[in-house]
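*Asks:* Following is a predicted model, sequence given first.
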Amino acid sequence: MDWFFYLTPVITALVGFVSGWGLFELTEWRKRTHHQQEVRSALMAEL
Amino acid sequence: MLASVNIGKYARYFQSTKTPFVANEIRWFLKHGRDQLASAGVFSDLPEISDTFEKVGDQQLVALYSQIHETLGVKLIFPTVESVLAGSMSGLSAQQIAALGMVQWHAHLLSQDADMMTEFLRMTFTVMDDNHPRIVENHEMRCAAYALRSEVLLRVIRRALELLR
């Protein structure tokens, strides 16, 4: 069971990292999409 | 909207074959332009005049607008288009960006015509004698060029809007 003792924090850190990264990307994607929609609306209003 | 206004203001420079087009643009502005200005909080107290113009025939409407004698062209600027073209995160397709580039390009050409109109108008006050009629003729030609460029710009804008929708 020693391997489990050592591997648990590694797996926890990996899962945490991947989840955090995914959440960050998702937030960035939502911000980017919102910004692009705003730009598109502004463009159409100007034209 | 401003490009559409130009068609009405320079109605006298369009050939008679384009009378329906010019009349449509005048009507479009009277109908939608007023709403847009009102929604932006500008001239919200404008009277409803589109109904009156609906009853007037194309030729009569264009003849009425042909009495407008504009001597100085207006430069049209598109700050949002400019910033979108300069930015890298617009999220627009290549075709949409190309259409916006065309809008920018024709707006630039329109500005050049406006500059030349200003220059020739100024010269009509300073150049006398034999060259005066030539300057007046050149100014008139530039006015006509401005009117035709306005039409091209309007069509390019409408195309860009189609692609953006």
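*Replies:* Perfect, thanks for sending it.
*Asks:* Whether stretch B:143-151 contacts chain A - can you check?
*Replies:* No. With CB under 8 Å from any CB of the partner chain as the criterion, chain A is not reached by stretch B:143-151; the gap is at least 14.4 Å. To be clear about C-beta, it is placed using only N, CA and C from the backbone, and glycine gets the same treatment.
*Asks:* helix, strand or coil for whichever residue of chain B sits closest to chain A?
*Replies:* Residue nearest to chain A within chain B: B:Gly91 (3.5 Å; CB to the nearest CB). Of the three states, B:Gly91 takes coil under DSSP: H, G, I helix; E, B strand; the rest coil.
*Asks:* which element is the closest residue to it other than its chain neighbours on?
*Replies:* Nearest residue to B:Gly91 in three dimensions, chain neighbours excluded: A:Gln36, at 3.5 Å (CB to CB, 6 or more residues apart in numbering or on different chains). Assigned by DSSP states H and E, A:Gln36 belongs to helix A:2-46.
*Asks:* what's that helix packed up against?
*Replies:* helix B:79-86, helix B:131-164 (3 or more CB pairs under 8 Å, 6 or more residues apart in numbering or on different chains; DSSP states H and E).
*Asks:* Just say which of the ones you listed is most tucked in.
*Replies:* Of all the helices and strands packed on helix A:2-46, helix B:131-164 has the most neighbours on average by mean count of other CB atoms under 10 Å in any protein chain shown, namely a mean of 17.
*Asks:* Okay, angle between that helix and helix A:2-46 too, please.
*Replies:* Counting by axes from the mean of the first three to the mean of the last three CA atoms, to 10 degrees, helix B:131-164 lies at 140 degrees to helix A:2-46.
*Asks:* Point out the other helices and strands that helix B:131-164 packs with.
*Replies:* helix A:2-46, helix B:2-9, helix B:94-126.
*Asks:* quick one on the thing from earlier: surely the residue of chain B closest to chain A touches A:Arg32?
*Replies:* Yes. Under the criterion of CB atoms under 8 Å, B:Gly91 makes contact with A:Arg32 at 7.4 Å.
*Asks:* Poorly predicted segments of the chain, please.
*Replies:* Just going to use chain A. Across chain A, the ranges flagged by pLDDT under 70 are A:1.
*Asks:* other chain: chain B
*Replies:* Scanning chain B for pLDDT under 70 picks out B:42-53.
*Asks:* Could you list the domains of it?
*Replies:* B:1-69, B:71-165 (automatic domain parsing).
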